[in-house]
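Student: Curious how this folds, go ahead:
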Amino acid sequence: MDEKIPIFPVTAWTVGPVPRLGFAVMKFDFIASPKQKIEEASEGPNFALTATQLRDLIQQMREALDVLESTDDSATDENRDP
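Tutor: Numbers count the residues shown, from 1 in each chain. Predicted coordinates for the structure are as follows:
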């Protein structure tokens with residue numbers, strides 16, 4: 001993913017199951033402009049994911065995290081949680 005793509009930093013998220021409908025809902029709040037303050041973050045839409053989609057997403061996020069944590073890039077280290 002090294003190509004130039006728009007970046008929208010995530011400031012918060014909400015995830016919760018909706019068992020009676022058979023999916024989970026995920027929503028991200030994000031910054032759409034470099035001048036936008038965190039407390040003014042834009043609210044994203046509610047995304048519905050099935051159990052299969054959630055498992056796939058979790059796996060892809062684990063793989064991305066593994067790459068980030070194994071990279072010796074100083075920029076990555078600055079963004080890592082303590």
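Student: Walking through the protein, point out its helices one by one.
Tutor: Assigned by DSSP state H, the helices in the chain fall at 51-70, 74-79.
Student: Would you mind pulling up the elements that the first one packs against?
Tutor: In other words, helix 51-70. strand 23-30 (3 or more C-beta pairs under 8 Å, 6 or more residues apart in numbering; DSSP states H and E). Every residue, glycine included, has its C-beta placed from N, CA and C.
Student: which residues does the spatially most central residue of the chain contact?
Tutor: Against the mean C-alpha coordinate of the chain, by C-alpha atoms, centre = their mean, the closest residue is V10 at 6.3 Å. V10 makes contact with 28-30, according to C-beta atoms under 8 Å, 6 or more residues apart in numbering.
Student: out of these, which is most surrounded?
Tutor: F28 (19 neighbours; other C-beta atoms under 10 Å).
Student: Check it and give its pLDDT.
Tutor: Here the pLDDT value assigned to F28 is 97.
Student: I figured it hits P9, correct?
Tutor: No. In this structure, F28 is not within contact of P9 by C-beta atoms under 8 Å, at 10.0 Å.
Student: Kindly state the domain boundaries assigned to the protein.
Tutor: 1-49, 51-82 (automatic domain parsing).
Student: Deepest-packed of those, please.
Tutor: The highest average neighbour count among these, using mean count of other C-beta atoms under 10 Å, belongs to domain 1-49 at a mean of 12.
Student: Distance from that one to the middle of the chain?
Tutor: On the basis of C-alpha atoms, centre = their mean, to the nearest Å, domain 1-49 sits 7 Å off its chain's mean C-alpha point.
Student: I'm done for today, thanks for sticking with me.
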